[in-house]
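Engineer: Pasting the sequence and the predicted coordinates here, then a few questions.
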Amino acid sequence: MRGLRVLRRACAAGVVAAVMVTAVADAASRVVVRTPQGSVRGIRAAGADRFLGLRYAKTPIRSRRFKPPVAAGGWKRTRDATRQAPACIQFQPTGVREEQATSEDCLYLDLFRPSSARRTSKLPVLVWFHGGGYTQGAGVIYGGQTMAALTKTIVISINYRLGAFGYLALPQLDAETAAGSGNWGLMDQLESLKWVRKQIAAYGGNPRRVTIAGQSAGAGSVCGLLAARPAKGYFQRAILESGPCRSFPTRVAAQQTGINFAHAAGCTDDSALVSCLRDVSAVNLRGWVGNLVAAEQQNVVGRPTVGGSFLSQQPRDAIANGTWNKVPVLIGNTRNENRLLSLAQYRLTPDQYVAYVQSTYGAAAADVLAQYPVASYPAPFYALTSLQTDAGNACQSRILADKLGGLTPTYEYEFNDPTSPTLYGFHPPGINMNSAHSAELAYLFDFTLGERPLTARETRLASQMKRYWAAFARTGNPNVRREPRWPRHTAANAQVMTLRSSGSSPGTGLAAEHKCDFWAAHGVQYAGY
């Protein structure tokens, strides 16, 4: 796995530089838009305009580190928007390539719109929050040019603060932040939505037709905004990809992690933790986090915090008690999520698999092994990842979709394309990585992290998915002419759209395929929530 990790660090996430080169080289024509911030100059090509590196918040450094974002100001002269901004500083090694610029000055977004857009167009807007475990990743790898041109939708992808810069919670920070600490990354995302409300009409967008969408940690961020009262009204739809609203740490737990982090970072005087952490350089702070990851995983700071007025309760609790920001929801997963999430175990032996099940499931281990016998799979890795996928995202998303289906228009999907590529650098020899975690991203975006280009048949599915997502952003219903009908999901009808290049179709078999009744009978549906 050491070689695989090196490959991931050197190749898999090293895509931002290539995007920047493309953005500079492909200067077919320039286009200028006058906005409330000031005039910006972007690039027009292939039926879409792209405006890159648009600042939505001021630089969160020094006195603004570990504080809510501050709205970006304006400018007088036309500002160039043809180059992407740096990624946010990474707190894990696989988020961007080593030579990719990273900075605390990273609160920027990229905007893609159809070239036909006018101020009066009132186009739907899709705002994308990237994944990466809240500690890595960047908005710049999710190009929206093709979706914008194909579907007449404005696509925005943002950077937001990560790791300790995005999620550090401390009692001392609570004392100076009325909304509570630990949610700086979520606050960044809300600030980007405030930017959209003020600026998007100038680009031809409708500020009252905004969809928030995300995958993995990005989906978790969408969950957070569904529960955050200050976010009410800033979006009208929500898309959750591979993120069924898992629980976040409570304030007490998050603050203890924050204190442990600060002490490990060399700030041991509790009366001066904040000033110490604000004084330290970003490079040194990132290095300390790396040491923490190696030494003590519990001290990694990288998830939103429940407690305080910004996020007062768990997203699932807010949905259950009716205090959430109620909007139509599109939710789903990939068929084989854990083939990527558990990739480190690809050399698992049969004995190790049995030992894992016994240590994880205790008294239920025999039942689990009977449901997922290693002899029924080509290798123990596939047995392991099948049971993890089923007990995790697949059945957890089903539970959430069933709940949402009785409250709001809900549409569930499963991405299951047997030929799909995985992420570049995440493909061990001899392992079938189809439909693993993140596989759908290459179908929705001009995604620069795929291991290969899509085939012609896969590209047809990609176009179909872009149309579905854009139709949902426009109306709250993914159905679109000349594509298979996607039924609304309820607990009673159990309808799920399976997305595959050989032909997408709805059906009711997802729960049985993922053995959700078995997991429900063993109470595992509540694990981790």
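Structural biologist: Noted; the coordinates are in hand. Numbers count the residues shown, from 1 in each chain.

Engineer: Please name every helix or strand in contact with the longest helix seen in the chain.
Structural biologist: Using DSSP state H, we find that the single longest helix of the chain is helix 456-475. Applying 3 or more CB pairs under 8 Å, 6 or more residues apart in numbering; DSSP states H and E, one finds that helix 456-475 contacts strand 123-129, helix 145-151, strand 205-215, strand 237-241, helix 441-444, strand 496-499. From N, CA and C alone the C-beta is placed, and that goes for glycine too.

Engineer: need the contact list for the residue minimising distance to the centre of the chain.
Structural biologist: In the chain, the residue lying closest to the centroid (CA atoms, centre = their mean) is Gly218, at 2.1 Å. Residues near Gly218 by CB atoms under 8 Å, 6 or more residues apart in numbering: 128-131, 241, 243.

Engineer: hmm, 10 Å instead?
Structural biologist: Contacts for Gly218 (CB atoms under 10 Å, 6 or more residues apart in numbering) come out as 128-132, 134, 137, 139, 142, 157-158, 160, 189, 212, 239-243.

Engineer: same check, this time on Tyr372
Structural biologist: So Tyr372 contacts 353, 357, 382-388, 390-391, 515, 518 (CB under 10 Å, 6+ apart).

Engineer: If we use 7 Å, what do you get?
Structural biologist: By CB atoms under 7 Å, 6 or more residues apart in numbering, the contact set of Tyr372 is 383, 386-387.

Engineer: Quickly name whichever of those is closest to Phe91.
Structural biologist: For the contacts of Tyr372, the minimum distance to Phe91 (CB to CB) is 29.8 Å, reached by Leu387.

Engineer: and the closest one, backbone torsions?
Structural biologist: Here is the backbone geometry of Leu387 (degrees, to the nearest 10): phi -70, psi -40.

Engineer: got any ranges where the protein has weak pLDDT?
Structural biologist: 1-28, 93-100, 283, 286-299, 524-529 (pLDDT under 70).

Engineer: Try it again at 80.
Structural biologist: 1-28, 92-100, 280-299, 523-529 (pLDDT under 80).

Engineer: For Gly503, give me the backbone phi and psi.
Structural biologist: According to degrees, to the nearest 10, Gly503 has phi 140, psi 110.

Engineer: Save the contacts of Tyr372 as TSV, and put in neighbour count too.
Structural biologist: Shown next, in TSV, are the contacts of Tyr372 (neighbours: other CB atoms under 10 Å):
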residue	neighbour count
Ala383	25
Ser386	21
Leu387	25
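
Engineer: Can you tell me which of these is closest to Ala473?
Structural biologist: Using CB to CB, Ser386 is the member of the contacts of Tyr372 that lies nearest Ala473, at 32.8 Å.

Engineer: Am I right that the closest one falls within a strand?
Structural biologist: No - with DSSP: H, G, I helix; E, B strand; the rest coil as the criterion, Ser386 is assigned helix and is not in a strand.

Engineer: which residue packs closest to it, ignoring adjacent ones?
Structural biologist: Tyr372 (6.0 Å; CB to CB, 6 or more residues apart in numbering).

Engineer: and that neighbour, what are its phi and psi?
Structural biologist: Per degrees, to the nearest 10, the backbone of Tyr372 is at phi -130, psi 60.

Engineer: can you tell me how far it sits from Arg335?
Structural biologist: From Tyr372 across to Arg335, the span is 16 Å (CB to CB, to the nearest Å).

Engineer: With Arg62 instead?
Structural biologist: Arg62 is 46 Å from Arg335, by CB to CB.

Engineer: the more surrounded of these two?
Structural biologist: Applying other CB atoms under 10 Å to Arg62 and Arg335 shows that Arg335 carries more neighbours, namely 24 against 9.

Engineer: thought the more buried one was touching Glu414?
Structural biologist: Yes - counting by CB atoms under 7 Å, Glu414 is a contact partner of Arg335 at 5.8 Å.

Engineer: So what's the residue count around the closest residue in space to Val127 that isn't next to it in sequence?
Structural biologist: In this structure, Val127 finds its nearest non-sequential neighbour in Ile156, 4.8 Å apart by CB to CB, 6+ apart. Using other CB under 10 Å, Ile156 has 29 other residues around it.

Engineer: list the contacts for Ile156?
Structural biologist: Per CB under 7 Å, 6+ apart, neighbours of Ile156: 109-111, 125-128, 196.

Engineer: Over to Trp184?
Structural biologist: Contacts of Trp184 (CB under 7 Å, 6+ apart): 66, 161, 165-167.

Engineer: Same question for Phe248.
Structural biologist: By CB under 7 Å, 6+ apart, the residues touching Phe248 are 303-306, 314.

Engineer: any idea how far His489 lies from Ser438?
Structural biologist: Taken as CB to CB, the span from His489 to Ser438 is 23 Å.

Engineer: Between these two, which is the more surrounded one?
Structural biologist: Per other CB under 10 Å, whichever of His489 and Ser438 has more neighbours is His489, with 27 against 22.

Engineer: Helices along the stretch 251-400 of the chain, start to end?
Structural biologist: 251-264, 273-279, 282-295, 315-321, 338-341, 350-361, 365-371, 380-389, 395-405 (DSSP state H, counting those that start in this stretch).

Engineer: of all those helices, which lies closest to Cys88?
Structural biologist: Across the helices of the stretch 251-400 of the chain, closest to Cys88 is helix 282-295 (CB to CB), at 10.3 Å.

Engineer: Please give me every residue in contact with Thr498.
Structural biologist: 414, 416, 504-505, 507.

Engineer: again with Asn325
Structural biologist: Listed by CB under 7 Å, 6+ apart, the contact set of Asn325 reads 226, 231-232.

Engineer: Show me which of those is closest to Gly523.
Structural biologist: Nearest to Gly523 among the contacts of Asn325 is Leu226, at 25.3 Å by CB to CB.

Engineer: If I take whichever helix or strand the closest one is part of and strand 237-241, what angle do their directions form?
Structural biologist: According to DSSP states H and E, Leu226 maps onto helix 217-227. Relative orientation of helix 217-227 versus strand 237-241 (axes from the mean of the first three to the mean of the last three CA atoms, to 10 degrees): 150 degrees.

Engineer: just how off-centre is helix 217-227 within its chain?
Structural biologist: Centre-to-centre, helix 217-227 and its host chain are 8 Å apart (CA atoms, centre = their mean, to the nearest Å).

Engineer: Using CSV, list the CA coordinates for it.
Structural biologist: C-alpha atoms of helix 217-227 as CSV (Å, rounded to 0.1, in the frame of the first residue of the first chain):
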residue,chain,number,x,y,z
ALA,A,217,-17.8,15.1,2.9
GLY,A,218,-19.5,17.5,0.5
ALA,A,219,-22.7,15.6,1.0
GLY,A,220,-22.1,15.8,4.7
SER,A,221,-21.8,19.6,4.3
VAL,A,222,-25.2,19.6,2.5
CYS,A,223,-26.6,17.8,5.5
GLY,A,224,-25.1,20.4,7.8
LEU,A,225,-26.7,23.2,5.8
LEU,A,226,-30.1,21.4,5.8
ALA,A,227,-29.9,21.6,9.6
